[in-house]
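# compute the structure for the input listed below.
(chains A, B, C and D)
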There are 2 protein chains.
Amino acid sequence: MPLTLEKVELSSFSAFLQSFPLQGELLYKTVFDRHADIIQTQKARFAVANLEKVLTATFDVSAVSGFDRMSLRDLSRQTGMSMGAIYSCISKKEDIALMVADIVRLSNELIHQHAMQAESLWESFEQSIRYHLYASTLLQAWYFFLYFETRSLPQQQQEDSKQIELDAIDMFEKQICAGIDGGEFYSDNPRMVANTIVVLLEDWYLKPWKTESLSINEQGRYELDINSIEGKIDNYNQSIIELVKKLLAKD
Amino acid sequence: MPLTLEKVELSSFSAFLQSFPLQGELLYKTVFDRHADIIQTQKARFAVANLEKVLTATFDVSAVSGFDRMSLRDLSRQTGMSMGAIYSCISKKEDIALMVADIVRLSNELIHQHAMQAESLWESFEQSIRYHLYASTLLQAWYFFLYFETRSLPQQQQEDSKQIELDAIDMFEKQICAGIDGGEFYSDNPRMVANTIVVLLEDWYLKPWKTESLSINEQGRYELDINSIEGKIDNYNQSIIELVKKLLAKD
DNA sequence: AAATAAATCGAGCGTTCGCTCTTTTTTTAT
DNA sequence: ATAAAAAAAGAGCGAACGCTCGATTTATTT
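Got it, this is the predicted structure:
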C-alpha cells in the first residue's frame, strides 16, 4: 500500500493538512517501514516513539550548531534516552541524515504526483508551487536539515540532492515552455523564471525569520501556529504567483 | 589607509578585477592586518604565505565535507605545514571562520560604498547587482563558506550574518521605493522584488554547478577562467536585470 | 661568524567522539 | 505467576579531535 495523495482539492493549508500523510504518528511509522532493515527495534510502537524523539531532537540541536557538532551524547541528554535506546532505532549516526533525505524525497514525489493530476496547465503550475510551500512548511525542519546537512551524506546521495533541485527547475521550465507554445505565456528566458521560482520556494523554508512565518515556542523551537501561518503562506504564495504572472505576461 | 574602491567605471569583470583590492597577496595582507592581534607570526611575509595556504586548503577540504569535519591534521596534510605553523597564524580553529566572515563583510561594504557613488538611481541599482556578482565570483569560496559555515561562528556573529542579508534586502527595497516615488518604477510588492534579487545573487555563488560558471581544475577545485567567466557573469547579470525590469515596469 | 630572534616542527596531552556490549529492566506470551 | 523475548541502560573501548610546548631549524642583525 504505497503512500499517495487522493485527488482532492487542497486549496488551503488546512485542507492540505487533512490529507497529507507525512505527519504525526504516520510520519514516523513511514520512517520505520522504510528503514526496517537497519532498525533493531521490532515493535513499531517502540520504534515510532523513539524515532520521533531522536529526529525531533536532531532538528533542535543541529539547527543551532550543525549535525556534525551534535554528539550522540547531546542527543541522549536531549531525548532522555540512553545510548543503547538510540542505537536501537539507528545503526549509525549517518542513518539519521539518510532518513531525513528519504522523507524529503518522498514528500517531493507526493506533491509532484498530486500537482500533475490537475486539469489545466496553469492549475498544475500553480499547484506545484502551492503544494511545495505547504509540504515544506509542515516539514520545515526536515527540508531545512537536508539542505544544510547534505554533506553528511554519502557522495551518491549528495549528487541525488543536487539532482532533485535540477529536476524541479526542469519541471517548471517544461511547464513554462508548454505555456509559451500554447500561447498562454511569454518569456525569452524560461529557465531563469523556473530557477527563480525554485530559489523562492527554498527561501521560504530556509529563512523563516524573513517572514516570521513560524513562531518560536518556549523551547526555542520553531513550531506551527496553524491560525497565524495560514495567512502567511497564502500571502507568500500569492506573492510568488503574481511575480510569475508578471514574468510570463504577454506584453 | 582604509581600503576603498576608487570611483571608476567598473563596467566589466576585467575592469573590476583591476581595481578591487581583495585579491592576490593584498587579500591575505588584509586578513593579516585585521587580525594581527591573534596572529603569532610577526612578519607579514610569512603570515601572508601561510594564511593563503591555510584558507585555500580550508575552502578545498570543507567544500566537500564541511568545516567541522575538516580536522587540523587534514589541513596540515593538505598545506604541507606542521601543526605549529598552522597555529602560528590562528589561535584556534574558529578563527579561520572569523577571518572569512570578516572579509566577506568587508567585500560587501566595499561594493555597497562604490555602488552608492553612482549618479542616477537606476545606475546605482544596477551597479549594486553587478558589483555583487563580480565580488562574489572573485571570492566565491569565501562567500560560499560563510553561507554554509555560519554555525561555526559565535552566536553574535551568526546574528550578524542574518542581519547582512536583511540589510541587503532593505537596501534594494529602499532603492525600489525611491524609484516608485520618483515615477520611474511601479510595484505593489517592493520587498518581494528586493528579496528575489537577493536570493538570485546568492544562487550565483552557492550553486555554480547550475550555470557551470566556474570550471574545475585538476585538483578538483573551482577556479576562475577569466575568458569564459566574463560572458557568463554578464549573461546572468543581464538575466537578473531583465527580470527586475519586468517586475518594476509601469504597465 | 656569532648571537639573537623568529618561525617551524611534531610528539603528546587531555578530552570527546561514535559505537559496542554486557547487564538490567520492561514487555509479552503462556 | 512464570518463563521467554524485547528493549533500555550506560560503562567502557579505541580512535580521533583541538590544541600545547619544548626542541629544532631558519632568518635576521650585529
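# who in the stretch 1-150 of chain A is up against chain B?
When proximity is defined as C-beta under 8 Å from any C-beta of the partner chain, the stretch 1-150 of chain A approaches chain B at A:Val64, A:Ser65, A:Gly66, A:Asp68, A:Arg69, A:Phe148. Where C-beta positions appear, they are placed from N, C-alpha and C, glycine not excepted.
# all helices of the stretch 151-251 of chain A, in order?
Using DSSP state H, counting those that start in this stretch, the helices assigned to the stretch 151-251 of chain A run over residues A:155-181, A:190-206, A:208-211, A:226-248.
# average pLDDT for the shortest one?
Pointing back at helix A:208-211 there. Confidence over helix A:208-211 (mean pLDDT, whole number) is 88.
# show me what that helix is packed up against.
Contacts defined by 3 or more C-beta pairs under 8 Å, 6 or more residues apart in numbering or on different chains; DSSP states H and E place helix A:208-211 against helix B:155-181.
# any buried residues in the helix it packs on, and which?
B:157-158, B:161, B:165, B:168-169, B:171-173, B:175-176, B:179-180 (16 or more other C-beta atoms under 10 Å in any protein chain shown).
# what parts of the stretch 51-200 of chain A come near DNA strand C?
Counting by C-beta under 7 Å from any atom of the strand, the stretch 51-200 of chain A comes close to DNA strand C at A:Met70, A:Ser71, A:Leu72, A:Arg73, A:Asp74, A:Met83, A:Gly84, A:Tyr87, A:Ser91, A:Lys92, A:Lys93, A:Glu94.
# which one (most neighbours) among these?
For those, counting by other C-beta atoms under 10 Å in any protein chain shown, the largest number of neighbours falls to A:Met70: 22 neighbours.
# give the contact list for that one.
A:Thr58, A:Val61, A:Ser62 (C-beta atoms under 8 Å, 6 or more residues apart in numbering or on different chains).
# same question, A:Leu200
A:Ile240, A:Leu243, B:Asn195, B:Thr196, B:Val199 are the contacts of A:Leu200 under C-beta under 8 Å, 6+ apart.
# list just the nearest of the residues you listed to DNA strand D.
Nearest to DNA strand D, judged by C-beta to the nearest atom of the strand, of those is B:Val199 at 31.6 Å.
# and that closest one, what does it touch?
A:Val199, A:Leu200, A:Glu202, A:Asp203.
# just to revisit the earlier point, please convert the buried members of the contacts of A:Met70 into PyMOL selection syntax.
The buried residues among the contacts of A:Met70 can be selected in PyMOL (16+ other C-beta under 10 Å) with this line:
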select buried, chain A and resi 58+61+62
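# closest to DNA strand D out of the contacts of A:Met70?
A:Thr58 (16.6 Å).
# what strand or helix carries the closest one?
helix A:44-65 (DSSP states H and E).
# same question for that helix, mean pLDDT?
In this model, helix A:44-65 has an average pLDDT of 97.
# for stretch A:234-242, same thing?
pLDDT averaged over stretch A:234-242 gives 96.
# so for that stretch, what gets flagged as buried?
For stretch A:234-242, the neighbour count (16+ other C-beta under 10 Å) marks A:Tyr236, A:Asn237, A:Ser239, A:Ile240 as buried.
# then stretch A:52-62?
Here stretch A:52-62 shows A:Glu52, A:Lys53, A:Val54, A:Leu55, A:Ala57, A:Thr58, A:Phe59, A:Asp60, A:Val61, A:Ser62 as buried, counting by 16+ other C-beta under 10 Å.
# what sits closest to the residue of the stretch 1-150 of chain A found nearest chain B if chain neighbours are left out?
At 3.7 Å from chain B, A:Asp68 is the closest residue in the stretch 1-150 of chain A, using C-beta to the nearest C-beta. Nearest in space to A:Asp68, with sequence neighbours left out and distances taken as C-beta to C-beta, 6 or more residues apart in numbering or on different chains, is B:Asp68 at 3.7 Å.
# from B:Val31, how far off is the one you found?
Distance of B:Asp68 to B:Val31, computed by C-beta to C-beta, to the nearest Å: 22 Å.
# these two - which one has more neighbours?
Taking neighbours as other C-beta under 10 Å, B:Asp68 and B:Val31 compare with B:Val31 leading, 24 against 19.
# and what about A:Val67, helix, strand or coil?
One thing to correct before we go on: residue A:67 is Phe, not Val. With DSSP: H, G, I helix; E, B strand; the rest coil as the basis, A:Phe67 sits in coil.
# host element of the nearest residue to it once chain neighbours are set aside?
Residue nearest to A:Phe67 in three dimensions, not counting chain neighbours: A:Glu149, with 4.4 Å by C-beta to C-beta, 6+ apart. In this structure, A:Glu149 is located in helix A:140-149 according to DSSP H and E.
# which parts of that helix are buried?
Residues of helix A:140-149 classed as buried by neighbour count (16+ other C-beta under 10 Å): A:Gln140, A:Ala141, A:Trp142, A:Tyr143, A:Phe144, A:Phe145, A:Leu146, A:Phe148, A:Glu149.
# contacting residues for the fifth one?
Pointing back at A:Phe144 there. Shown in contact with A:Phe144 (C-beta under 8 Å, 6+ apart): A:Phe59, A:Ala63, A:Tyr205, A:Leu206.
# quick check: closest non-adjacent residue to the first one.
When the adjacent residues along the chain are set aside, A:Phe59 lies closest to A:Ala141, with 3.9 Å between them (C-beta to C-beta, 6+ apart).
# any regions of the stretch 1-150 of chain A where pLDDT drops low?
Within the stretch 1-150 of chain A, the segments meeting pLDDT under 70 span A:1-10.
# surely A:Pro190 and A:Gln175 touch.
No - judged on C-beta atoms under 8 Å, A:Pro190 makes no contact with A:Gln175 at a distance of 9.1 Å.
# how is chain A carved up into domains?
Segmentation of chain A into domains, based on automatic domain parsing, reads A:19-91, A:94-251.
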